[in-house]
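# sharing a model that was predicted from the sequence below.
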Amino acid sequence: MGLSYAMVRPMNAEVPPTVPIEALEAGQRLDVFCVGRFPEYTRGTIQRAIKAGVITVSGKRSKPSYVLRTGDVVAFTASVLEQQAQATAPQPLPPLPIIHEDKDIVVINKPAGVTVHPGQGVASGTVADWFAARYPNAQVGDAGRLGIVHRLDQETSGVLVLAKTPAAFERLKDQFKHHRVRKEYLALVFGTPGESKGRITRPLARSKRNPLRRTVDAEGKPAVTEWEIEEKLGEYTLLRVFPLTGRTHQIRVHLHFLGFPIIGDKFYVFKRKRPPQGVTRHLLHAEKLTFVTQAGKRKTFTAPLPEDFVKVLDQLRKK
């Protein structure tokens, strides 16, 4: 059953147009159905409209992941949907270099500055948006976070794996949950540790003063980070870091607690420390990620250092 122009642009916008679900349309996710019916709107806009109650099913609010049934009636108010679309104009999808791809997963080198999924003021232009646009039939994961198995902070660059099938999603989630994924980061920090390697096991919790920050807290969740010196660069040091758990901001908080904050970090820094010239973000890079693929093989995927990180290192080496 087609959707007429009059239904998309009604004369009386206060009366929500309705679309009854027939047998051939049943079984689809609500957001997927709406994207097909209302092509002038992005999937992100559709999902936000569903969550806001602008699009309803049989008079009730539903989740974007709701599976439609025969007899359901999808309703929306066009004027409100248009206003929301204009207020949340999507950001362009970022170019994401692909390191590896097969039928189950795609491994990318996430650039610094790109957010993994919508949240905290970022509505579009995320890795999740890129994934949804590139793999429209891969309905894996939560709405707005399709394919997302783990995450990197916005300013952190490096290896990120996304799942294209439910089986790959579950297998990867299980490996991350049980700490079977080996993660290696490179971090440029202030100062030089007195030992060549070390391990910190301080638990982490959300800061009571600033909910966007994390802090070492005896009542927090267990967190373990290992590190070793990669290269000494005068008053700075390049560390190779191995987070054995996956707490939010874990590496950044632990290194700050040890007295070696990451250069360029705006949250976890000592006020008197000044970064080298050319630093515009925290210099933390997820260089390697090792896990077991769907084929049962343990593989390591590597992302080269981004240009801005390399330039700072070269600058320090010349000194």
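That came in fine, so what should we check first? Here the structure is a predicted model, which means the values were calculated and not measured.
# wait, Val269 sits on Leu255?
No - if you go by CB atoms under 8 Å, Val269 and Leu255 don't touch, sitting 10.7 Å apart. Backbone N, C-alpha and C define where each C-beta goes, glycine included.
# more neighbours: these two, which one.
Taking neighbours as other CB atoms under 10 Å, Val269 and Leu255 compare with Leu255 leading, 25 against 18.
# which strand or helix spans that one?
helix 250-258 (DSSP states H and E).
# what about the residue nearest to Ala133 when sequence neighbours are not counted, neighbour count?
In space, Ala133 comes closest to Leu93 once its chain neighbours are excluded; the distance is 6.0 Å by CB to CB, 6 or more residues apart in numbering. When neighbours are defined as other CB under 10 Å, Leu93 has 17 of them.
# and Thr18, by the same measure?
So Thr18, with other CB under 10 Å, has 13 neighbours.
# tell me which element the closest residue to it other than its chain neighbours falls in.
Once flanking residues are discounted, Thr18 sits nearest to Ala75: 4.7 Å by CB to CB, 6+ apart. Using DSSP H and E, Ala75 maps to strand 73-76.
# over to Tyr185?
Going by DSSP H and E, Tyr185 is in strand 182-190.
# tell me the strands beside the helix or strand just after that strand, with direction?
For strand 182-190, the following helix or strand on the C-terminal side (DSSP H and E) is strand 197-200. For strand 197-200, the paired strands and their directions (DSSP bridges) read strand 225-233 (antiparallel).
# list the buried residues of the partner strand.
225, 227, 233 (16 or more other CB atoms under 10 Å).
# next SSE after that strand?
strand 236-243.
# ok now that following strand, how far from the chain's centre?
23 Å (CA atoms, centre = their mean, to the nearest Å).
# now it: average pLDDT?
The pLDDT scores in strand 236-243 average 98.
# elements contacting that strand?
Secondary-structure packing of strand 236-243 (3 or more CB pairs under 8 Å, 6 or more residues apart in numbering; DSSP states H and E): strand 182-190, strand 225-233, helix 250-258.
# surely Thr300 and Lys288 touch.
Yes - contact status for Thr300 versus Lys288: in contact at 5.6 Å, counting by CB under 8 Å.
# helices of this structure, residue ranges please.
5-8, 30-37, 43-52, 78-87, 127-134, 166-177, 250-258, 307-318 (DSSP state H).
# could you give me the average pLDDT of the fourth one?
In other words, helix 78-87. The model assigns helix 78-87 a mean pLDDT of 61.
# and the first one, by the same measure?
Averaged over helix 5-8, pLDDT sits at 30.
# swap in the third one?
Helix 43-52 comes out with an average pLDDT of 81.
# now do the buried residues in it.
So helix 43-52, judged by 16+ other CB under 10 Å, has buried residues 43-51.
# any chance of those residues in CSV, plus distance to Lys164?
Putting the buried residues of helix 43-52 into CSV (distance: CB to CB, whole Å) gives the following:
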residue, distance to Lys164
Arg43, 17
Gly44, 20
Thr45, 24
Ile46, 21
Gln47, 19
Arg48, 24
Ala49, 26
Ile50, 24
Lys51, 25
